[in-house]
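Engineer: Using only what follows, build the 3D model:
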Amino acid sequence: MAREELPRRVEGYLLELMDQFPVVAIVGPRQAGKSTLARRIMPRLKAGLYLDLELHSDLAKLRDPEAYLSMNATATVCIDEVQRFPFLFPLLRAAGVLRCELPADAERIRL
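Structural biologist: Numbering: from 1, shown residues only. Next up is the predicted model:
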């Protein structure tokens with residue numbers, strides 16, 4: 001397999017999963033390319049928002065995470081480093097359930 005073929009295949013598979021599920025997580029060991037993968041696909045999505053929770057400016061946007069997600073209910077929200085804030089997971093689960101009730105063309109939450 002060519003060096004560039006694997007990233008394209010992974011990106012395609014991730015996009016397929018994003019079409020099927022309201023919440024998708026990219027998991028793996030440190031330095032495996034999870035953030036790079038997320039940043040590579042974001043330009044291909046309409047209304048994509050990328051938050052890196054290692055940045056204070058992005059973390060501040062989630063001061064009231066429920067309000068932020070509600071205000072961006074039709075956007076694809078990618079939350080990088082979400083594992084550092086485990087209190088967000090129940091909220092993301094609930095938001096994912098609500099996303100299932102949105103019109104079919106609405107975007108989804110991404111982790």
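
Engineer: Who are the packing partners of the host helix or strand of Ser57?
Structural biologist: According to DSSP states H and E, Ser57 maps onto helix 56-61. Judged by 3 or more C-beta pairs under 8 Å, 6 or more residues apart in numbering; DSSP states H and E, helix 56-61 is in contact with strand 48-52. In short, each C-beta sits where N, CA and C put it, glycine included.

Engineer: Please save the CA atoms from the strand it packs on in CSV.
Structural biologist: In CSV, the C-alpha atoms belonging to strand 48-52 read as follows (Å, rounded to 0.1, in the frame of the first residue of the first chain):
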residue,chain,number,x,y,z
GLY,A,48,-17.2,22.7,10.7
LEU,A,49,-15.9,24.0,14.0
TYR,A,50,-12.6,22.8,15.5
LEU,A,51,-11.9,23.2,19.2
ASP,A,52,-8.5,22.3,20.6
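
Engineer: biggest helix in the protein, by residue count?
Structural biologist: helix 5-20 (DSSP state H).

Engineer: Can you name the element that comes right after that one?
Structural biologist: Next along the chain from helix 5-20, counting by DSSP H and E, comes strand 23-24.

Engineer: Measure how far that next one is from the centre of its chain, please.
Structural biologist: 7 Å (C-alpha atoms, centre = their mean, to the nearest Å).

Engineer: Adjacent strands (with direction) for it?
Structural biologist: strand 109-110 (parallel) (DSSP bridges).

Engineer: got any ranges where this protein has weak pLDDT?
Structural biologist: For the chain, residues meeting the criterion pLDDT under 70 lie at 1-6, 97-111.
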